[in-house]
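Visitor: For reference, the sequence and a predicted model appear below.
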Amino acid sequence: MTEVKTVATMAIDGQKPGTSGLRKKTRVFMQPNYLENFIQSIFNAVAEQGVDFKESLLVVGGDGRYYNRTAIQTIVKMAVANGFAKVMVGRGGIVSTPAMSAVIRRRGAVGGIVLSASHNPGGIDADFGVKYNITNGGPAPEAVTEQIFKQTQQIKEYLTIDYPNIDLDKEASFRVGDTEVIVFDPVLDYVAVMQSLFDFAALRRLFDSGFRMVFDAMHAVTGPYAKEIFENRLGAAVGTVLNAIPLEDFGGGHPDPNQVYAADLVARMSGSDAPDFGAASDGDGDRNLILGRDFFVTPGDSLALIAAYAKDAIPGYADGLAGIARSMPTSSAADLVAHSLGVPLYETPTGWKFFGNLMDAGLCTICGEESFGTGSNHIREKDGIWAVLCWLSILAKTGESVSGIVHKHWEKFGRNYFQRHDFEGLEVELANKMVNLLREKLPSLSGRSFAESRVKEADDFNYADPVDGSVSSKQGIRIILEDGSRVVIRLSGTGTEGATLRLYLESYKQDGGTADIDSVLGSLAKETLALLELKQHCGVEVPTVIT
Ligand code: VG1
Ligand code: CO
């Protein structure tokens with residue numbers, strides 16, 4: 001039964017990983033050999049690096065979406081056939097992205113496979129995804145995803161075994177051929193990492209004092225983690241965690257924790273009887289939304305505030321920060337904090353894979369992206385529950401409200417007004433053509449008047465990794481104005497249908513932060529759309545989502 005079977009296959013087009021793994025429609029992944037080809041290509045790329053599977057542990061899990069369980073069974077059989085010494089599988093197939101990173105690091109795994117399309121909806125007619133994380137626990141960097149892609153183009157066969165499906169719902173350890181298969185509870189590994197960073201006793205006292213919170217797990221992966229940490233360990237009231245049971249279609253929702261898709265939570269956080277604090281996480285548990293009573297904290301401000309308070313409010317960072325990193329489109333609020341702390345600030349392309357080298361080299365401690373991602377060097381992924389624990393620690397330490405803390409910060413540092421406008425469902429060719437035309441215009445923009453100021457610089461962001469020197473080009477068009485305002489324009493690399501244009505708008509003011517954001521950023525948005533000729537090229541002019 002455990003005899004290795006070599007199955008002939010043929011290369012399938014389009015298996016190129018994007019910003020975060022390979023994401024496609026679920027039905028695409030369900031086509032014959034589609035998943036198998038990609039998994040074998042990952043194994044082939046890892047083997048090419050000289051890894052001996054006979055000595056190696058592989059971790060497998062996903063966010064619980066439709067096809068998760070089927071895919072896990074396929075992967076376990078392929079891992080056995082490929083000769084891994086050990087395969088660890090999350091119970092119920094549920095492993096959040098940050099927990100995967102923690103488990104890989106704590107258990108010394110060679111890597112892990114996360115089955116998730118993150119914040120994209122789930123279901124047979126929605127999205128599925130596969131992401132490979134390397135030995136440091138982080139998403140495979142571009143050099144590795146390129147190798148995987150190369151393998152997908154030349155694959156001729158994959159290895160598997162004929163074997164009954166394993167029981168995913170019972171913790172157990174058993175042998176399949178020469179491989180030890182372990183079904184384990186990843187919540188415990190994750191909780192241990194959180195306990196090593198945060199003062200759980202102090203957070204318990206916060207809840208004992210009557211502090212009220214709601215956490216929306218959006219029927220995605222964080223439910224079991226959040227229940228264990230907030231309700232069981234920290235004593236938050238039972239019912240604090242909403243939508244705690246992971247569902248294959250996320251209850252029909254869009255597990256993207258922002259003001260648009262977490263509208264129910266935003267409504268619960270409004271009015272004078274609202275809880276003190278609200279938070280949510282996405283499909284695979286790496287993003288976070290932070291809300292106060294009638295108050296939304298932008299991810300850029302959240303990153304800046306966590307960095308500013310970490311040393312005093314969180315024991316895991318008592319020695320201070322080595323540096324802060326943010327993706328290029330993220331607001332510069334964190335830069336001001338880095339400056340005041342006297343630590344370096346690194347600006348990377350979009351995608352968490354670019355932070356790994358910086359953290360491995362000890363150059364930065366805390367990282368963040370405007371797309372509701374924040375994290376630190378405790379693992380190598382962004383971490384939704386970690387961000388919530390950071391905020392709870394800040395609230396416990398200061399005894400102030402969420403909005404009070406943010407307003408104080410704006411008084412001291414000024415405010416980086418920031419919004420992202422997404423235009424989804426554009427035709428790929430038209431969107432590419434439009435962005436290419438803008439790229440051609442860039443050299444002629446400098447000096448031209450733009451949104452009540454003038455263009456100081458316009459370029460396409462190129463990144464040279466300070467650790468290994470690798471270069472990533474065309475990572476987003478930047479238009480920087482003389483008054484310090486900025487627009488970034490790029491196309492999404494995580495979608496599964498059409499193209500999504502993202503406009504990132506930022507304007508800095510030392511005004512205590514009280515201006516109306518739409519009036520601050522309005523002309524910047526308008527002029528950028530005119531410059532892009534979005535309406536002429538793509539036939540739309542109103543964003544589908546504003547965050
Ligand atoms: C988006 C975000 C990016 C994030 C990526 C993965 O990518 O902009 O900041 O790292 O999603 O997050 P893109 O290419 O669509 O802009 V997740 O939580 O979807 O793994
Ligand atoms: Co995610």
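Guide: Arrived safely, thanks for sending. Ligands and ions are numbered 1, 2, ... in the order given.

Visitor: hmm, the strand or helix carrying Gly300 in reach of ligand 1?
Guide: Using DSSP states H and E, Gly300 maps to helix 299-313. No - on the criterion CB under 6 Å from any ligand atom, helix 299-313 is out of touch with ligand 1, staying 9.3 Å away. C-beta here means a position set from N, CA and C on the backbone, and glycine is covered the same way.

Visitor: So for that helix, mean pLDDT?
Guide: In this model, helix 299-313 carries a mean pLDDT of 98.

Visitor: Now do it: which elements does it pack against?
Guide: For helix 299-313, the packing partners by 3 or more CB pairs under 8 Å, 6 or more residues apart in numbering; DSSP states H and E come out as strand 324-327, helix 333-341, strand 366-369, strand 373-376, helix 384-398, helix 402-413, strand 415-426.

Visitor: Okay, helices next: where are they in the stretch 51-200 of the chain?
Guide: For the stretch 51-200 of the chain, helices defined by DSSP state H, counting those that start in this stretch occupy the ranges 68-81, 97-107, 142-154, 186-197, 200-208.

Visitor: Would you mind listing what in the stretch 151-300 of the chain touches ligand 1?
Guide: Asp282, Asp286, Arg287.

Visitor: Among the residues you listed, name the ones in strands.
Guide: Among these, no residue falls in strands (DSSP state E).

Visitor: how about those residues in JSON lines, adding pLDDT, neighbour count and distance to Gly539?
Guide: Listed next are these as JSON lines, based on pLDDT from 0 to 100; neighbours: other CB atoms under 10 Å; distance: CB to CB, whole Å:
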{"residue": "Asp282", "pLDDT": "95", "neighbour count": "34", "distance to Gly539": "30"}
{"residue": "Asp286", "pLDDT": "97", "neighbour count": "36", "distance to Gly539": "34"}
{"residue": "Arg287", "pLDDT": "96", "neighbour count": "28", "distance to Gly539": "30"}
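
Visitor: thinking again about what came up before, return the most buried member of the helices of the stretch 51-200 of the chain.
Guide: helix 97-107 (a mean of 26; mean count of other CB atoms under 10 Å).

Visitor: and the stretch 251-400 of the chain, which of its residues are near ligand 2?
Guide: Residues of the stretch 251-400 of the chain lying close to ligand 2 by CB under 5 Å from the ion are Asp282, Asp284, Asp286, Arg287.

Visitor: among those, which two are most distant?
Guide: Spatially, the most separated pair among these is Asp284 and Arg287, at 8.3 Å (CB to CB).

Visitor: Tell me, what's the model's pLDDT at Thr19?
Guide: The model reports Thr19 with a pLDDT of 86.

Visitor: I meant to write Leu234 there.
Guide: pLDDT, read off for Leu234, is 98.

Visitor: what's the answer for Val435, then?
Guide: For Val435, the pLDDT comes out at 95.

Visitor: Near ligand 1, which residues of this protein are found?
Guide: 19-20, 118-119, 282, 286-287, 327, 350-352, 369, 371, 373, 492-494, 502.

Visitor: count of neighbours near Lys170?
Guide: 9 (other CB atoms under 10 Å).

Visitor: List the contacts of it.
Guide: Arg91, Val183 (CB atoms under 8 Å, 6 or more residues apart in numbering).

Visitor: can you check Glu48 too?
Guide: Residues near Glu48 by CB under 8 Å, 6+ apart: Gln147, Gln151.

Visitor: so what's Ser332 closest to, chain neighbours aside?
Guide: Leaving out its chain neighbours, the residue that sits closest to Ser332 by CB to CB, 6 or more residues apart in numbering is Asn416, at 5.7 Å.

Visitor: Would you agree the one you found is in contact with Thr330?
Guide: No - taking CB atoms under 8 Å as the definition, Asn416 is not a contact partner of Thr330, at 9.5 Å.
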